[in-house]
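Peer 1: Following is a predicted model, sequence given first.
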Amino acid sequence: MKAQHIPFEKTGQFSKLFLEYIHGDKGLAPFYKYTPSPDSFKEALKAVSSHTFNRKLLVDVINEQYTTSQLLPLTSEFSLLNSHLSLLLKENTFTVCTGHQLCLFTGPLYFIYKIISTINLAEALKKKHPETNFVPVYWMASEDHDFEEVNHVNIFGKRIEWTNRQGGAVGKYLNDGIDKIIEELKPILGDSQQAKELTGLFQNAYVKHATLSAATRFLVHELFGQFGLVIIDPNDARFKKEFTQVIADDLFNNTAHKVVAKSIADLEKSGHGSQVNPREINLFYITDNQRNRIIKENNKFNIADTGKSFTENELKEELKQHPERFSPNVVTRPLYQQKLLPNLAYVGGPGELAYWLEYRQLFDHYKIPFPVLMPRNFVMLMDAVSLEKIKKLGLSSEDVFLPIHEMTEKYVKSISGDKISFNEEKEKLEKLYNAVSGKVSLVDQSLVSATKSELQKNLKSLDELEKKLLRAFKQKNETAVSQLTRLREKFIPGGTLQERNDNFIPFYLKHGNAFIKELKNNLDPFDLRFIILSESE
C-alpha cells in the first residue's frame, strides 16, 4: 500500500478542540500535562515511576482472565505476549493503553486503528528507551450497558445486527444467537481461504466462549496477540477493591462533579464546549442483568429504575462487602484505569481526548498520574479501482473530503477548462468600468459610486450565468457526476469518515492477515496527520 499524509484541517472532519490540542495551542495548556510527542515520555516516565501499583494483583487477575478464556498457556506464536505478562511485575515496565467497547466482530475500522496505534506506540517507546519495558494494553469496556452501540456491524453496505438484548453490562451478555449471525455471514463472505479463516475465527470466539467479554478477548487476542497486546477486563471485584477510596469519595463527597464542573467552565471560557458533563454521583450500581445510576435523594441513595435504595451507612457496607457492584462511568473510568495500570499514555480519538482534557484537575486532586494523551492513527483505505476512477475524473484521492458540490465543480472545471468560466471576461469588464469611472470622476465625482454599482450588477449577472452554465454542463455529464457521488459516499459514508462506518472484514477477505501487518507497517504513532492508504495500481 502507498501512504499519503494529509493535515487534519484539510479533511473537514475534526473539531476545533482536537486541532488546537495536536498543535499545542497555549489556551489548552492548563488541561493537559504533556504534549503528544516523543519528548514528553521522559517526564511521564518519571511521574509514573514515583507511584506504587499493585503489580502482582494486576498480573494475577490478567492471567486468570486469560486462563478462563482458554488462552493460557500461550503458544510460541505469542512469545512476546508471554514476555509482557511476566514483565508487568517489574518496576521498569510501563503500559500504554487504549479502551473500546465490545463491538460485534470488532465493530468499525477505527477500533483496529486504535489497537495498532497502541502497539506501535509501545514499540516506538522501546526503541527510544531500550532500558525500559513498554506493554500495549487493550482495556475492554466490559461494564458498558449501551447494547445498541455494540450489537451491529456494517459489511459491504449491509447492517448485520444481533438482537438478543439481555440487560446489564454487555461483557456479561451470553453469546446466544451469534452462531446464527455467523451462519448468515457465510454466503456474504464467500468461500475463499480468507473467508474460511474469518468464519473459523468468529466461531471459535463467539460459539466456544460463553460471554461477550470472553469472546472479544479471544477475537482481539487472535488478531493482535502476536504483537504482545495485553487484554484486561476491569470488571473484577479485586480491581474494584483497589479503587474503593475514589468510589467512596464520589458517592459521599461528589468530588468529581465539583472538580470537573470547574474544568468545564474554564474550557468554556477558552472557547470550547464540554464533551461530557459530570453527575453528582459518577457511578453505576451493577448486578447480573442491570447497570443503573446511583442517585442521592432525600438522604437516600436510590438505584434508578429498580426501587432499591440504601442509607449512607448501608451503602458504605455494600461498598465494603461488594466493591464489584460499583461501576465507574465516563468520568471516573479514566481514574480507575490509571489507578490500576502503571500507564504512560492513553491512545484515543477526538471525542475521547476531549473528555480527558476535562479531567486533568481531577487527577491532580487524587494524585493519580495523568497520562500523555495520544491521538490514534486516522486512516482511509482506498482500493486501486476506486483510485483509478478518481484520477480519470481529474481529481486526487484527497478530493473525496470535499463537499459533493465542490467535488463536482472541481471535476467539471478539470474537463471544461475555461469553457464555463467567465473569469477572463470579468477581468475585462472590471478594466472597462475602471476606465469609465476615471472619465466620470473628471466630470462629476458623485457619479463614481453609481458606476461601481453598475459594475457589481454586471458581475453578479455573469456569476448567475456561470452557475446556469455549470448546471447545464453537469446535466450533460450526469453519469460522471453520479459516479463522483458514489465514490464520495463510499469513502465518506453519510458524511462521516469510512473508519467510523465500515468493518475490517471486506479488507481481510481481500488481503488476509497481511492486512493487519500492512496497516501496522504504515502507521506511525507520532505522525499527527490523516493517512490515505491506497492499493498499488
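Peer 2: Happy to help now that I have it.
Peer 1: quick one, strands of the stretch 251-400 of the chain?
Peer 2: 283-287, 290-297, 300-303, 308-310, 326-328, 343-348, 372-375, 379-382 (DSSP state E, counting those that start in this stretch).
Peer 1: Out of these, which one sits most buried?
Peer 2: strand 343-348 (a mean of 26; mean count of other CB atoms under 10 Å). (Each C-beta comes from the backbone N, C-alpha and C, glycine too.)
Peer 1: just to revisit the earlier point, okay if I get the strands of the stretch 251-400 of the chain as CSV plus distance to residue 81 and mean pLDDT?
Peer 2: Shown next, in CSV, are these (distance: least, CB to CB, whole Å; pLDDT from 0 to 100):
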stretch, distance to residue 81, mean pLDDT
strand 283-287, 29, 97
strand 290-297, 30, 96
strand 300-303, 39, 97
strand 308-310, 41, 97
strand 326-328, 27, 98
strand 343-348, 18, 98
strand 372-375, 22, 98
strand 379-382, 24, 97
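Peer 1: Can I get the ones you listed in TSV including distance to residue 167?
Peer 2: As requested, these are exported to TSV (distance: least, CB to CB, whole Å):
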stretch	distance to residue 167
strand 283-287	10
strand 290-297	6
strand 300-303	14
strand 308-310	15
strand 326-328	14
strand 343-348	28
strand 372-375	33
strand 379-382	35
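Peer 1: of these, which approaches residue 246 most closely?
Peer 2: strand 326-328 (8.6 Å; CB to CB).
Peer 1: what's that closest one packed up against?
Peer 2: On a contact count with 3 or more CB pairs under 8 Å, 6 or more residues apart in numbering; DSSP states H and E, strand 326-328 meets helix 244-253, strand 283-287.
Peer 1: Mind exporting the C-alpha coordinates of the first one to CSV?
Peer 2: If I follow you right, that is helix 244-253. Output in CSV follows, covering the C-alpha atoms of helix 244-253 (Å, rounded to 0.1, in the frame of the first residue of the first chain):
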residue,chain,number,x,y,z
THR,A,244,-12.8,1.9,46.7
GLN,A,245,-11.3,5.1,48.1
VAL,A,246,-12.2,7.0,45.0
ILE,A,247,-15.6,5.3,44.8
ALA,A,248,-16.4,6.3,48.3
ASP,A,249,-15.3,9.9,47.7
ASP,A,250,-17.5,10.1,44.7
LEU,A,251,-20.5,8.6,46.5
PHE,A,252,-20.4,10.7,49.6
ASN,A,253,-18.5,13.9,48.7
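Peer 1: who touches it?
Peer 2: Residues outside helix 244-253 that contact it (CB atoms under 8 Å, 6 or more residues apart in numbering) are 240, 255-256, 281-283, 294, 301, 312, 315-316, 319-320, 323, 326, 328, 332, 335-336, 339, 366.
Peer 1: Just the buried residues out of those, in ChimeraX syntax.
Peer 2: Only the buried entries of the contacts of helix 244-253 go into this ChimeraX selection, using 16 or more other CB atoms under 10 Å:
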select :240,255,256,281,282,283,294,301,315,319,323,326,328,332,335,336,339,366
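Peer 1: out of the contacts of helix 244-253, which are inside helices?
Peer 2: 240, 255, 256, 312, 315, 316, 319, 320, 335, 336, 339, 366 (DSSP state H).
Peer 1: among the residues you listed, which two are most distant?
Peer 2: So, those by CB to CB: farthest apart are 312 and 339, at 23.6 Å.
Peer 1: burial count for residue 161?
Peer 2: If you count neighbours by other CB atoms under 10 Å, residue 161 ends up with 11.
Peer 1: One more: the one 3 residues further on?
Peer 2: Other residues near residue 164 number 14, with proximity taken as other CB under 10 Å.
Peer 1: Leaving out the residues flanking it, which one is nearest to it?
Peer 2: In this structure, residue 164 finds its nearest non-sequential neighbour in residue 177, 4.4 Å apart by CB to CB, 6 or more residues apart in numbering.
Peer 1: In this structure that neighbour contacts residue 162, no?
Peer 2: Yes - assessed by CB atoms under 8 Å, residue 177 is found in contact with residue 162 at 6.2 Å.
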